[in-house]
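Undergrad: Pasting the sequence and the predicted coordinates here, then a few questions.
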Amino acid sequence: MPYRRLLEFEREPEVVVQGNPTWWRRRTLMERYCTVLAAAAIFLCGVLTIALSILYVRDTQRAESMPNSPAALDGIVAPHQEKAHNDKDLCLTPGCVYAAAEILKNMDRNVDPCDNFYEHVCGNYIKETIIPDDKSSLTLFSKIDDTLTDQLRMVIEEPSADDEARPFRMAKSLYKSCMNKTKIEAAGLTHIKEIVKRMGGWPVLEGEMWDEGSFTWKDTTYKFKDEGFSIDYLMDFSITTDYKNSTIRVIDLDQASLSLSREYLVKG
C-alpha cells in the first residue's frame, strides 16, 4: 500500500505557471509593421526639421549680412566672385553695351528696390518718356517694334542687287508699286471698285442697284478668301479651348476687328 500511494503521488500532473507576454508579443503582425513605419516616419521628420532649421538660420544670417540699399550695392563684389570673373565672362559687344546703357538709363537708383522694385527698375523711364499724340501708350516693346519697322523700311527701300534672292526682289518690287502714289492717284478707285464688284457689291456704292437678296454672309466670306483678304471682316472666327473642359476645342465667334490699328485711324 505505501508503495502504491507513492506511485500515485509521482503520477500527478505538474502545473506550469507562465508570466504575461510582453507588449510587443501581444501585437499582431500588422500592428508591428505599422509601429515600425510610424517610428521611422517620426525619425525622418526629426531629421528634416533639424536640416530645415539649419538652412533657415544660414539664410537669415546671409540676408542680414547683405547690403539693403542701392548705395551699398554699388561696387560691392564678393572676393571669390571677383576672382572667378574674367574678360571671357563679360559681353562687351556694341549690342550688350547699348542694352546695359538703356537699362541703367531707365533705372531710378534713388529708390530702394526692397521698398518698390518696379520704381527702382523703371522709374526714370516713366519720368522721362513722352507719349506721342498719335499713341495711347508707349512701352519698351512698342519702341522696339517701331525701331524694327524703321529698319525694315530702310532695307526694303534699298535697290535690288543682281545676285539678290527672288523673294527679296519681289518684296521690294511690291513695296515700290504700293508706294507709287502717281500711278495710284491716276488709277483712282477703278481697281477697288472691281474687287468690290467681284465680291458681291457694296450698297454704299451701288445704292438702290444693289441686290440684297443675292447677299449671303457665308458666300461673301468665301469670296474674301478667294481674293486673298481676311475672312474676319464680317465677324471674327477662331478656334479656342473650352473654358469648362480644356480637352475640347470650340469655334469662337466675335465681333470683327478694324483692319487698321488705332493710331492710323486717329491720324487719318
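TA: In hand now; what should we look at?

Undergrad: Give the residue spans of the protein that score low on pLDDT.
TA: Under the criterion pLDDT under 70, the flagged ranges of the chain are 1-21, 66-87, 262-263, 267-268.

Undergrad: Walking through it, point out its helices one by one.
TA: Chain-ordered helices for the chain, with DSSP state H as the definition, fall at 2-10, 23-26, 29-65, 70-73, 79-84, 94-106, 117-128, 140-156, 166-179, 181-187, 190-198, 203-206, 217-226, 262-267.

Undergrad: V250: which of the ones you listed is closest?
TA: Taking CB to CB as the criterion, helix 217-226 is the member of the helices of the chain that comes nearest to V250, at 19.0 Å. For glycine as for every other residue, the C-beta is placed from the backbone atoms N, C-alpha and C.

Undergrad: Go through that closest one and flag the buried ones.
TA: Along helix 217-226, these residues count as buried under the neighbour rule (16 or more other CB atoms under 10 Å): 221, 224.

Undergrad: Can I get it in PDB, CA atoms only?
TA: Provided in PDB are the C-alpha atoms of helix 217-226 (Å, rounded to 0.1, in the frame of the first residue of the first chain):
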ATOM      1  CA  TRP A 217     -22.500  86.300 -95.500                       C
ATOM      2  CA  LYS A 218     -21.100  82.800 -96.000                       C
ATOM      3  CA  ASP A 219     -20.600  83.300 -99.700                       C
ATOM      4  CA  THR A 220     -19.100  86.700 -99.100                       C
ATOM      5  CA  THR A 221     -16.700  85.200 -96.600                       C
ATOM      6  CA  TYR A 222     -15.600  82.600 -99.300                       C
ATOM      7  CA  LYS A 223     -15.100  85.400-101.800                       C
ATOM      8  CA  PHE A 224     -12.900  87.300 -99.300                       C
ATOM      9  CA  LYS A 225     -10.700  84.200 -99.100                       C
ATOM     10  CA  ASP A 226     -10.600  83.800-102.900                       C
END
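
Undergrad: The one residue sitting closest to the centre of the chain and T147, how far apart?
TA: Most central residue of the chain, judged by C-alpha distance to the mean C-alpha position with CA atoms, centre = their mean, is F141 at 14.7 Å. Here the criterion is CB to CB, to the nearest Å. By it, F141 lies 11 Å from T147.

Undergrad: how about TSV for the helices of the chain, with distance to L234 added?
TA: Output for the helices of the chain, formatted as TSV (distance: least, CB to CB, whole Å):
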stretch	distance to L234
helix 2-10	118
helix 23-26	82
helix 29-65	60
helix 70-73	55
helix 79-84	62
helix 94-106	43
helix 117-128	41
helix 140-156	29
helix 166-179	25
helix 181-187	27
helix 190-198	14
helix 203-206	14
helix 217-226	5
helix 262-267	19
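
Undergrad: Quick one, which of those helices gets closest to R249.
TA: With respect to R249, and counting by CB to CB, the nearest of these is helix 217-226 at 20.3 Å.

Undergrad: how many degrees apart are the closest one and helix 190-198 in direction?
TA: Comparing the axes of helix 217-226 and helix 190-198 via axes from the mean of the first three to the mean of the last three CA atoms, to 10 degrees yields an angle of 140 degrees.

Undergrad: which residues are in contact with helix 217-226?
TA: Around helix 217-226, the neighbours that count as contacts under CB atoms under 8 Å, 6 or more residues apart in numbering are 198-200, 230-231, 233-235.
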